[in-house]
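Novice: Show me the folded form of this:
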Amino acid sequence: MEAEEIFRTVADRASLSREEAADLTRAVLLTVADRLSRGEIRELRLRLPAPLDESLSRSRRTLDKFGLDEFLRRISGRTGLNADETSRGVSAVLTVLRDANIGNTFDHAMSQLPSEFRQLVWQE
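Specialist: From the prediction side, this is the model:
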């Protein structure tokens, strides 16, 4: 799945503009990367289309532990979206990434996050 298709799908699922969806997708990846090991970031970068892989390269190089509320707050701060838009949008981003055929990489990345993060991925 190409980046533009990911942005369109996120926009449709989250009722956001395409630009908001693109910003949100990048913010989610950047914030998720703050929680992942370097090896997992490297694996995700290999599987994501450009320019999304670049979002992961801008993350901190030290593992930062924070919970779901802080995760959503950081994304909201990076995007300017309100709490409802952020929550709905993050769910859309994570679900689209899961469905984007990036192999087991998504599951491995999610396994490094606290279990509360899994509630954001839509079960279809």
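
Novice: quick one: the helices in the chain?
Specialist: Read by DSSP state H, the chain holds these helices, from start to end of the chain: 3-14, 18-33, 38-47, 52-57, 68-79, 83-99, 105-111.

Novice: can you give me the angle the second one makes with helix 3-14?
Specialist: In this structure, helix 18-33 runs at an angle of 100 degrees to helix 3-14, with axes from the mean of the first three to the mean of the last three C-alpha atoms, to 10 degrees as the basis.

Novice: by contact count, what packs against helix 18-33?
Specialist: Under the contact criterion of 3 or more C-beta pairs under 8 Å, 6 or more residues apart in numbering; DSSP states H and E, helix 18-33 touches helix 3-14, helix 38-47, helix 52-57, helix 68-79, helix 83-99. For glycine as for every other residue, the C-beta is placed from the backbone atoms N, C-alpha and C.

Novice: could you dump it to CSV, C-alpha only?
Specialist: Coordinates of each C-alpha in helix 18-33 appear next as CSV, following Å, rounded to 0.1, in the frame of the first residue of the first chain:
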residue,chain,number,x,y,z
ARG,A,18,-6.4,14.1,3.6
GLU,A,19,-3.9,16.6,5.0
GLU,A,20,-5.0,16.0,8.6
ALA,A,21,-4.8,12.2,7.9
ALA,A,22,-1.2,12.6,6.5
ASP,A,23,-0.1,14.7,9.5
LEU,A,24,-1.8,12.3,11.9
THR,A,25,-0.2,9.2,10.3
ARG,A,26,3.2,10.7,10.6
ALA,A,27,2.6,11.8,14.2
VAL,A,28,1.4,8.3,15.1
LEU,A,29,4.5,6.7,13.6
LEU,A,30,6.8,9.2,15.3
THR,A,31,5.2,8.7,18.7
VAL,A,32,5.0,4.9,18.4
ALA,A,33,8.7,4.9,17.5
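
Novice: That'll do, ta.
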